[in-house]
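Student: predicted model, plus sequence, below.
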Amino acid sequence: MLDLKFIRSNPDRVRRALQNRRSEVDLDRLLALDEERRSRLVEAESLKSRRNAASQEVARRKRRGEDAEDLMAEVRGINERIKDLDERLRQLDADIQALLLAIPNVPHESVPIGPDSSGNVEVRRWGEPRVFPFEPKAHWDLGPELGILDFERAAKISGSRFVVMRGAGARLERALVNFMLDIHTRQQSYVEIWPPVLINRASMTGTGQLPKFEQDAFKCQGYDYYLAPTAEVPVTNLHRDEIIPGEQLPIYYTAYTACFRAEAGAAGRDTRGMIRVHQFDKVELVKFTRPEDSYSELESLTRDAEAVLQQLGLPYRVVVLCTGDMGFSSAKTYDIEVWMPSYNRYVEISSCSNFEDFQARRANIRYRPQAGAKAEFVHTLNGSGVAVGRTVAALLASTA
RNA sequence: GGAGAGGUGGCUGAGCGGUUGAAAGCGCUCGCCUCGAAAGCGAGUAGGUGGGUUAAUCCCUGCCUCGUGGGUUCGAAUCCCACCCUCUCCGCCA
């Protein structure tokens, strides 16, 4: 969520950002609502001020045993008008809030402008894709042949876009989770978290999944719980509605969780195998930082995720997403793409983003720069470190 | 599922319907003391959102906020209703 005061004083900059992101939020309507809200607010507040003064005068008179019926009658009259104004203000607040929640983050100035993924820019490569003297098999062929992946039985248990791992496949998945967590907690300095994956509405709103992307999440029927689409949600919300002492920043967390995605808009894409499934495993990295450090922290976060692929010997490249391809809440995102031989191209395996104060404002996560100073919003970052299923797919196809 | 207790500032914790936006303590900031520190003493210290002023701060000022939302009243942290959440005990359970 953007700061309304920022929007009010930088409307052109926000308008440009919305265009670059192909967002269709009606900024003029927002500004008009804000204008009306403030003028009504002034009116309502002056009436309330009069009411407060009159009520205090009533108290004074009554203490002296004097009559106050005239004042009491006056306030009764004022209250009618206050009620109408408050009703209108409530409506205005709701409309403004709804618009604010629908506005994506403003991209950082270093983000390339582009319409879609074709505008992304490669920033570096690591490793040499292995050249095979034959047509490399895809993991959805190799896995079932080896008896370690079973898509047919997964469909029987659940449906399409699920996978069963068996024997060495299951063990590989488990080993990779440990391997990644050990890198982040021992070679790097992340604190391991094991969070709930049933998430309430406030937390889903805090990180930006709701209200705009409700159709992408699984909702528990009869409960106000959503299945976590990523550990980013529970881990970032660890500090929702908190004021973090400045000396505790930066905070680094890592968490393994199963992730659940409805993939409502992805029908027909990557339908084979375990690249795009409804349930997958992922190790996530989350940072809370001071605003002035967040961009250098994004660089080191990305390197921390890359370390996993380097130690596995999987070739990859890093791209910076352009304005048209970025996630809703992000100000800047690097995707790490692993080489997938059977696709003969790089496939996303990690996405590392700086959200600046966008999530922090939604989730009310603040810090105190110094003791006694006013609380400010932190910057939040996160990245996959990395997607486990896609790592299995890349390993199978690259090294089998 | 059954029974009970409770949600108040950064934290702990008081609060007869009317200078209580809130006692006290802790923490923190500044000052005094000190060679320096501790202790002690003094002062200050909630958030949100508007208006005025400003280059921007500072500052002045209004309104709202004691879990959330309604209600009663001239006036609600305080009374009433609904909801949410936390804790304790019992039951069930990996």
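Tutor: Thanks, I have the structure now.
Student: can we go C-alpha only for contacts and neighbour counts from here?
Tutor: Noted.
Student: which parts of chain A sit against RNA strand B?
Tutor: By the rule C-alpha under 7 Å from any atom of the strand, the part of chain A lying against RNA strand B is A:4-5, A:38-39, A:41-42, A:45-46, A:48-56, A:58-59, A:62, A:71-73, A:75-76, A:79, A:243, A:371-372, A:374-375.
Student: which stretches in the stretch 51-200 of chain A count as helices?
Tutor: All helices of the stretch 51-200 of chain A, identified by DSSP state H, counting those that start in this stretch, fall at A:69-102, A:139-146, A:151-157, A:168-182.
Student: rank those helices by pLDDT, which is bottom?
Tutor: Mean pLDDT values for the helices of the stretch 51-200 of chain A show the minimum at helix A:69-102, a mean of 91.
Student: give the buried residues for that helix.
Tutor: Counting neighbours by 16 or more other C-alpha atoms under 10 Å, one finds that the buried residues in helix A:69-102 are A:71-72, A:75, A:78, A:82, A:85, A:88-89, A:92, A:96, A:99-102.
Student: nearest to RNA strand B, of these?
Tutor: The closest of the buried residues of helix A:69-102 to RNA strand B turns out to be A:M72 (C-alpha to the nearest atom of the strand; 3.5 Å).
Student: so who does the closest one touch?
Tutor: Neighbouring residues of A:M72 by C-alpha atoms under 8 Å, 6 or more residues apart in numbering: A:A54, A:S55, A:V58.
Student: hang on, A:V235 packs against A:V286?
Tutor: Yes - with contacts counted by C-alpha atoms under 8 Å, A:V235 reaches A:V286, the gap being 7.1 Å.
Student: which neighbours do those two have in common?
Tutor: A:Y253.
Student: ok but A:Y256 is inside a strand, no?
Tutor: Yes - under DSSP: H, G, I helix; E, B strand; the rest coil, A:Y256 falls within a strand.
Student: bridging residues for it?
Tutor: A:V283 (DSSP bridges).
Student: and A:E36, that one's in a helix?
Tutor: Yes - remark: A:E36 belongs to a helix, assigned using three-state DSSP.
Student: tally of neighbours for it?
Tutor: Around A:E36 there are 14 other residues, counting by other C-alpha atoms under 10 Å.
Student: circling back to that earlier point, of the contacts of A:M72, closest to A:A266?
Tutor: A:S55 (60.9 Å; C-alpha to C-alpha).
Student: any idea how far A:S49 is from the closest one?
Tutor: Distance, A:S55 to A:S49, by C-alpha to C-alpha, to the nearest Å: 10 Å.
Student: which of the two has more neighbours?
Tutor: More neighbours surround A:S55 than the other of A:S55 and A:S49, with 15 against 10 (other C-alpha under 10 Å).
Student: excluding its backbone neighbours, what's nearest the most centrally placed residue in chain A?
Tutor: Nearest to the geometric centre of chain A sits A:T207, at 4.0 Å (C-alpha atoms, centre = their mean). Among residues not flanking A:T207 along the chain, A:Q359 sits closest, at 5.2 Å (C-alpha to C-alpha, 6 or more residues apart in numbering).
Student: average model confidence for the helix or strand where the one you found lies?
Tutor: Counting by DSSP states H and E, the element that carries A:Q359 is helix A:358-363. Regarding helix A:358-363, the rounded mean pLDDT is 93.
Student: residue ranges in the stretch 251-400 of chain A under the pLDDT threshold?
Tutor: A:399-400 (pLDDT under 70).
Student: that one: strands as residue ranges?
Tutor: For the stretch 251-400 of chain A, the strands defined by DSSP state E, counting those that start in this stretch occupy A:251-260, A:279-289, A:316-320, A:332-340, A:345-354, A:365-368, A:376-377, A:379-387.
Student: returning to that earlier point: for the helices of the stretch 51-200 of chain A, give me CSV that also has distance to A:P195.
Tutor: Converted to CSV, the helices of the stretch 51-200 of chain A look like this (distance: least, C-alpha to C-alpha, whole Å):
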stretch, distance to A:P195
helix A:69-102, 26
helix A:139-146, 30
helix A:151-157, 26
helix A:168-182, 14
